[in-house]
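> sequence and predicted structure below; questions after.
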Amino acid sequence: MSDCTDEKMENFKEKISSLLFELITDIPESLYTPSENSDDKIKKLIRQASIKAATVSATLSVPAGLTGVLTSIPDIAAIWRIQAQLVSDIAATYGKFAQLSREAMVWCLFRHSAAQLVRDIAVRTGSRIVVQKLSLAALETLLTKIGIKISTKFLGKVALRAIPAIGAIGNGAYSFYDTTEVGKTAAAYFKAIADQDQEADVIS
């Protein structure tokens, strides 16, 4: 029985890592364009995405136990896609979609939840964070580590899911917070790039 459970857990971790790689290598397009009130628009985008993610996350607590966790992968994917779209929309709103690399997406999505793992891909230069380019192999390795960390944390909440009402509230609240943090990281990152480019244009 234990071996079966361990096998399911490993399978879950593998699927999460695979899902992350697909997400990072397929950056979503954005319909947004730069505007004079970018900061206000981005605050609204972050709130809308956070509410949407919280709503989707509530469904994660419907099935209880490990089997429920395994069947919730499509819902987890939906939350990450909401967050990835948010990062894309923020980059586009600041007019910096061209700077949204795979590495930048990883930084924005996981800086707050897996800081130790992503710290080596970013270097601070003044007020800016410069994201380093990674080889495909290095990126895969990083995403595998992030996938394992997130999966382990997620599987640790299995007991909570046995109580649907509490699970729904907890999952929803965390996804709202998580998405908000993703938005804040992306906003700070792309705003710094936009501000520096604007200063360079003035000087030139």
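It's in.

> end to end, how far does stretch 29-38 reach?
This stretch, stretch 29-38, spans 18 Å end to end (C-alpha to C-alpha, to the nearest Å).

> which other residues reach that stretch?
41, 45, 85, 88-89, 91-95, 97, 191, 194 (C-beta atoms under 8 Å, 6 or more residues apart in numbering). C-betas here are computed from N, CA, C, even on glycine.

> quick one: contacts for I73?
Taking C-beta under 8 Å, 6+ apart, we find I73 in contact with 12, 15-16, 19.

> closest to H112 out of the residues you listed?
I16 (17.8 Å; C-beta to C-beta).

> residues touching that closest one, list them.
I16 touches 73, 76, 147, 150-151, 154, counting by C-beta under 8 Å, 6+ apart.

> columns distance to T141, secondary structure and pLDDT on top of the residues you listed, output as TSV?
Output for the contacts of I16, formatted as TSV (distance: C-beta to C-beta, whole Å; DSSP: H, G, I helix; E, B strand; the rest coil; pLDDT from 0 to 100):
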residue	distance to T141	secondary structure	pLDDT
I73	22	helix	75
I76	21	helix	81
G147	11	helix	88
I150	15	helix	83
S151	16	helix	80
F154	20	helix	71
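
> please, a PyMOL command that selects the buried ones among those residues?
PyMOL command restricting those to the buried ones, with burial defined by 16 or more other C-beta atoms under 10 Å:
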select buried, resi 76+147+150+151+154
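
> out of the contacts of I16, who's nearest F110?
I150 (8.2 Å).

> which secondary structure element contains the closest residue to the closest one other than its chain neighbours?
Leaving aside its sequence neighbours, I150 sits nearest to I16 (C-beta to C-beta, 6 or more residues apart in numbering; 6.3 Å). For I16, the enclosing helix or strand under DSSP states H and E is helix 2-25.

> show me what counts as buried in that helix.
Those would be 9, 12-13, 15-17, 19-21, 23-24, for helix 2-25 by 16+ other C-beta under 10 Å.
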